[in-house]
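Student: model the following, please.
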Amino acid sequence: MTGDEILVAARDLRRDYAMSAGVVHAVRGVTLDVRAREYVAIVGPSGCGKSTLLNLIGAIDAPSSGTLAIAGQRLDGLPDRDATLFRLRRIGFVFQRFYLMPVLTALENVELPMSEAGLGKTERRTRARELLAYVGLGERLHHRPTELSGGEQQRVAIARALANKPALLLADEPTGELDARTGEEMIALFERLNTDGTTIIVVTHDEDLARAAHRVVHMRDGLIVDDRRR
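Tutor: Okay, here's the model as predicted:
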C-alpha cells in the first residue's frame with residue numbers, strides 16, 4: 001500500500017451508550033480518512049470521545065451507526081469473531097498500561113499474538129527477537145515485566161503490537177505512565193516507526209507526542225473540530 005491510498009475510511013461514525021441517566025453520545029458523527037504511512041495524533045479534553053473513536057477504528061467497539069473500513073475491509077456490522085480475527089492480523093494496539101502477561105518473558109509476550117495467528121514456533125521466535133532488537137531490547141529477551149522498567153515494558157508492548165505486521169498501529173496515551181525522559185524516548189521510537197512505513201494513530205494529552213505527529217485532529221464533545229497537517 002502506498003502513501004497515497006486511504007487506509008482508514010470512517011463515515012459519519014456515531015457511538016451512543018445507554019446509561020441510567022440517559023443516552024451518552026460519545027462520538028457524534030465523525031468522518032475521517034487516514035492515508036497509508038500517515039502519523040496522526042487525536043487530541044482533546046478528557047471525555048471528548050477520542051479514545052472511543054480509537055476503539056471504533058480498532059474494532060474493539062462497534063459503532064451505533066455510520067461506516068468504517070480499514071484497508072478496504074468494512075468493519076461496521078462485522079460479527080465479533082471476524083472482528084477479533086481482523087484485529088489480530090491487521091491492527092496493532094499500544095495502551096497506556098502495557099497489559100503484558102506477567103508470567104511471560106519479553107520474548108514470549110511478543111510471540112503470543114503470532115502464536116494466536118498460527119505462526120510456527122521458529123518463525124515467531126525469530127521475528128520476536130528481531131522486533132525486540134528493533135525497539136532496543138535485544139539484551140532483555142528473557143526478562144519478565146516485573147524485571148523491566150516502565151519504558152522497557154512499553155517497548156515490549158510496541159514490539160508485541162507489531163508482531164503480526166499490522167496495517168495500522170493504534171496507541172492510546174502511550175506515554176501516560178512514563179516519566180518525561182522515557183516519554184521522549186517513546187516519541188522518538190514512534191517517529192522511527194512511522195519513518196519506516198508504519199501508519200500510526202495515537203490518542204494523547206502529551207503535547208510533545210502530538211507535535212511529533214504529521215497531522216493533529218482535535219476533538220470536542222464527540223466531534224472533530226479541527227484537522228491540520230503540519
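
Student: make it CA atoms for all contacts and neighbour counts henceforth
Tutor: Noted.

Student: any chance you could map the helices in the protein?
Tutor: Assigned by DSSP state H, the helices in the chain fall at 50-57, 80-90, 106-116, 121-134, 150-161, 180-195, 207-212.

Student: right, and those helices - which one's nearest Asp12?
Tutor: Asp12 lies closest to helix 50-57 among the helices of the chain, at 11.4 Å (Cα to Cα).

Student: restricting the selection to alpha carbons, write the closest one to PDB.
Tutor: What follows is helix 50-57, C-alpha atoms only, in PDB (Å, rounded to 0.1, in the frame of the first residue of the first chain):
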ATOM      1  CA  LYS A  50     -11.100  10.400  21.300                       C
ATOM      2  CA  SER A  51     -10.500   7.000  23.000                       C
ATOM      3  CA  THR A  52     -14.000   5.900  21.900                       C
ATOM      4  CA  LEU A  53     -13.100   6.800  18.300                       C
ATOM      5  CA  LEU A  54      -9.800   4.900  18.600                       C
ATOM      6  CA  ASN A  55     -11.700   1.900  19.900                       C
ATOM      7  CA  LEU A  56     -14.100   2.100  16.900                       C
ATOM      8  CA  ILE A  57     -11.300   2.400  14.400                       C
END
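
Student: give me the residues contacting that helix.
Tutor: Identification of contacts with helix 50-57 by Cα atoms under 8 Å, 6 or more residues apart in numbering yields 8, 10, 15, 26-27, 42-44, 61-63, 68, 70, 170, 172, 201, 203, 219, 222.

Student: re earlier: and the helices of the chain as CSV, adding distance to Asp226, mean pLDDT and mean neighbour count?
Tutor: Conversion of the helices of the chain to CSV gives the following (distance: least, Cα to Cα, whole Å; pLDDT from 0 to 100; neighbours: other Cα atoms under 10 Å):
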stretch, distance to Asp226, mean pLDDT, mean neighbour count
helix 50-57, 13, 96, 22
helix 80-90, 28, 93, 15
helix 106-116, 36, 97, 23
helix 121-134, 34, 97, 18
helix 150-161, 28, 96, 24
helix 180-195, 22, 94, 17
helix 207-212, 14, 95, 16
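
Student: between the ones you listed, which gets nearest to Tyr99?
Tutor: Closest among the helices of the chain, using Cα to Cα: helix 150-161, at 7.7 Å.

Student: which strands and helices sit next to that closest one?
Tutor: Identification of packing neighbours for helix 150-161 by 3 or more Cα pairs under 8 Å, 6 or more residues apart in numbering; DSSP states H and E yields strand 91-94, helix 106-116, helix 121-134, helix 180-195.

Student: go with 10 Å
Tutor: When contacts are defined as 3 or more Cα pairs under 10 Å, 6 or more residues apart in numbering; DSSP states H and E, helix 150-161 sits against strand 91-94, helix 106-116, helix 121-134, strand 168-172, helix 180-195.

Student: ok now it, how far from the chain's centre?
Tutor: What separates the centre of helix 150-161 from the centre of its chain is 12 Å, taken as Cα atoms, centre = their mean, to the nearest Å.

Student: equivalent analysis for stretch 4-12, please.
Tutor: Mean C-alpha position of stretch 4-12 versus that of the full chain (Cα atoms, centre = their mean) differs by 16 Å.

Student: pull the residues that contact it.
Tutor: By Cα atoms under 10 Å, 6 or more residues apart in numbering, the residues outside stretch 4-12 that reach it are 1, 27-38, 53, 56-57, 63, 65-76, 167-168, 199.
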